[in-house]
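Asks: next come a sequence and a model predicted from it.
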Amino acid sequence: MKIKEARQAYTAQLDILRKRQKELFKEKEAHEAQAFGAAGNVSLGGDGSGGGVVFELSEEYRKRAQELQDKIDSVKEQIDEHVKLRDQVIEMEVGIANAEAAKQQGEAMQDYGEEMAKCLEIARRIANGDRVPAQDEKKLMDFNMEVYMAAKNMATMNMDKKHKDYDSLWGDEEEKGENPDPMEMAADTEISVEIPELNLEDGTE
């Protein structure tokens, strides 16, 4: 399963659990309102003055109230579990993305260093009055126009020297493709995870 699929699965189940939690809270509130609204068995305070009211709740009410609370607690535990699992997957996704970004940055720095070394060599060859391929001149111009112009100016001072013909330092190398987006690459990474089954205690999964 890909990371993004696991993340989506946990989120989808969290939506179901939170919806069920909301339903249970409403059911509990309705149950309490029904019990107290009926005013069940009411007795006056012990001194007969009416200074206090005591509700005697039925065993049936208490049993149902406990059942609802148990279901609410069960759903809450599942929500906590799914949040923890989803956060672990997200943490893994961010870690992979950061590692890929660091790798790409390192490769880019290495490529830049190699490119700079080649361009400086091209500048040296041009300054000596040697002949380099047009594509190498263009590479140097794109890299640094000031260095290119300085090399060309020096070349005029070496016109009378013996010149060499050079092949391109880049040869027939192919252009490198663009690096993948680190977050997209991380999201598509395959991982081994289990998606817990939901237990809504009412036959719904």
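Replies: Thanks, I have the structure now.
Asks: residues near residue 20, how many?
Replies: 21 (other Cβ atoms under 10 Å). Yep, even glycine has a C-beta here, placed from its N, CA and C like the rest.
Asks: check residue 198 too.
Replies: Using other Cβ under 10 Å, residue 198 has 15 other residues around it.
Asks: nearest residue to residue 165 in space, please, no chain neighbours.
Replies: residue 131 (4.9 Å; Cβ to Cβ, 6 or more residues apart in numbering).
Asks: need the contact list for the one you found.
Replies: Residue 131 makes contact with 163, 164, 165, 166, according to Cβ atoms under 8 Å, 6 or more residues apart in numbering.
Asks: now for the helix or strand harbouring residue 74, which elements pack on it?
Replies: Assigned by DSSP states H and E, residue 74 falls within helix 59-127. Counting contacts by 3 or more Cβ pairs under 8 Å, 6 or more residues apart in numbering; DSSP states H and E, helix 59-127 packs against helix 3-37, helix 134-143, helix 145-157, helix 182-187.
Asks: in the third one, which residues are buried?
Replies: The reference is to helix 145-157. Using 16 or more other Cβ atoms under 10 Å as the test for burial, helix 145-157 gives 147, 148, 151, 155.
Asks: how far off helix 134-143 does that helix point, in degrees?
Replies: Orientation check (axes from the mean of the first three to the mean of the last three Cα atoms, to 10 degrees): helix 145-157 against helix 134-143 gives 130 degrees.
Asks: chain center to helix 145-157, what's the gap?
Replies: Its chain's C-alpha centre and that of helix 145-157 lie 49 Å apart, by Cα atoms, centre = their mean, to the nearest Å.
Asks: so which of the helices and strands packed on helix 59-127 is the most packed in?
Replies: Mean neighbours per residue, mean count of other Cβ atoms under 10 Å, is largest over the helices and strands packed on helix 59-127 for helix 182-187, with a mean of 18.
Asks: now do it, average pLDDT.
Replies: The average pLDDT within helix 182-187 is 89.
Asks: then stretch 89-100?
Replies: Per-residue scores along stretch 89-100 average to 93.
Asks: can you show me the CA trace of it as PDB?
Replies: Only the C-alpha atoms of stretch 89-100 are listed here, as PDB (Å, rounded to 0.1, in the frame of the first residue of the first chain):
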ATOM      1  CA  VAL A  89       2.300   7.600   8.400                       C
ATOM      2  CA  ILE A  90       2.500  11.300   7.900                       C
ATOM      3  CA  GLU A  91       5.700  11.500   9.900                       C
ATOM      4  CA  MET A  92       7.200   8.700   7.700                       C
ATOM      5  CA  GLU A  93       6.000  10.600   4.600                       C
ATOM      6  CA  VAL A  94       7.700  13.900   5.700                       C
ATOM      7  CA  GLY A  95      10.900  12.000   6.600                       C
ATOM      8  CA  ILE A  96      11.100  10.400   3.200                       C
ATOM      9  CA  ALA A  97      10.400  13.700   1.500                       C
ATOM     10  CA  ASN A  98      13.000  15.500   3.500                       C
ATOM     11  CA  ALA A  99      15.600  12.800   2.700                       C
ATOM     12  CA  GLU A 100      14.800  13.000  -1.000                       C
END
